[in-house]
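In: Sequence plus predicted model, see below.
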Amino acid sequence: MEASPAPAAPEPRPRRTGYRRLPVQQRREQLIAVALELFASRPPEEVGLDDVAEAAGASRPLVYRYFAGGKQQLYEAALRTAADELSSRFALRLSGTPSEQLSAVLDGYFAFVAEHDAGYSALLRGGSVVETARTSAIVDDVRREALRRTLRHLGVREAGPRLTLLVRSWIAVVEGASLSWLDEGRALPVAELRDWLVDQFTAMAAATALHDPQTAEVLAGVLALEGPRPERAERLRAVLGGGS
């Protein structure tokens, strides 16, 4: 009688591709970064925790371990991360003329957009069914910080309703321009886009100044401080109709 062959050793279970053990905070940051990429590339309602887990090289239970509230909690954490990073770009100690300061803020803003295009798109593109009052508040916090910092750069402590409307409207222009810039493959040189937005602010301020004494006073102060850059001052005066 022939001896029965020894049973084959069980095949080892394949490990999840790309998995490696990470410190708690690093793993959480990785999951958020992956989620931002996914939320930016498709509607958030089409992204599941399985998608996040697969892209991160992790398991679904591990994702739940960090975000027990499921996808909604992860979505809010991802938006908050993008919002905090973007808001930090406004907090600059600046010098120079008002237009130079505004240009420096826009440089920081577009540096964030270029480095974190997925996070930026996820932060600002609305219309998702997973949006809540909390997610809307996160985006509004960024806009309020942008408003506060812009007024500060203009030397304004208390803005009236028309000046506030001007700055809020300009912030909306910046948001729309940056999203369009991403959609169009960054075809326009960022320095050209930055200068265009500075000039947009000037033109909008000039239009508002026709109806608001406070804005007119702020714009006159900007003109006075633009002395070191006569070419900018001349352009501002031309917009105001004060050129020779």
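Out: Perfect, thanks for sending it.

In: In the protein, spot the helix with the most residues.
Out: Longest helix of the chain, by residue count under DSSP state H: helix 161-183.

In: show me where pLDDT drops low in this protein?
Out: Within the chain, the stretches with pLDDT under 70 are 1-20, 22, 92-94, 126-131, 227-244.

In: Domain ranges for the protein, per the record?
Out: Recorded structural domains for the chain (assignment: automatic domain parsing) are 19-68, 82-123+132-240.

In: nearest to residue 75, of the ones you listed?
Out: Across these, residue 75 has its closest neighbour in domain 19-68 (5.7 Å, Cβ to Cβ). Where you see a C-beta, it was placed from the backbone N, CA and C, and this is true even at glycine.

In: How far away from the center of its chain is that closest one?
Out: Averaging C-alpha positions (Cα atoms, centre = their mean, to the nearest Å) puts domain 19-68 20 Å from its chain's average.

In: What strand or helix carries the residue positioned nearest the centre of the chain?
Out: The residue lying closest to the centre of the chain (Cα atoms, centre = their mean) is residue 120, at 4.0 Å. Assigned by DSSP states H and E, residue 120 falls within helix 117-124.

In: and the next helix or strand after that helix, what does it pack onto?
Out: Once helix 117-124 ends, the next helix or strand along the chain (criterion: DSSP H and E) is helix 133-153. Using 3 or more Cβ pairs under 8 Å, 6 or more residues apart in numbering; DSSP states H and E, the elements in contact with helix 133-153 are helix 71-88, helix 98-115, helix 117-124, helix 161-183.

In: what's in contact with the first one?
Out: By Cβ atoms under 8 Å, 6 or more residues apart in numbering, the list of residues contacting helix 71-88 from outside reads 29, 31-32, 35-36, 39, 44, 47-49, 52, 63, 67, 109, 112, 116, 119-120, 122-123, 130, 132, 134-135, 138-139, 141-142, 145-146.
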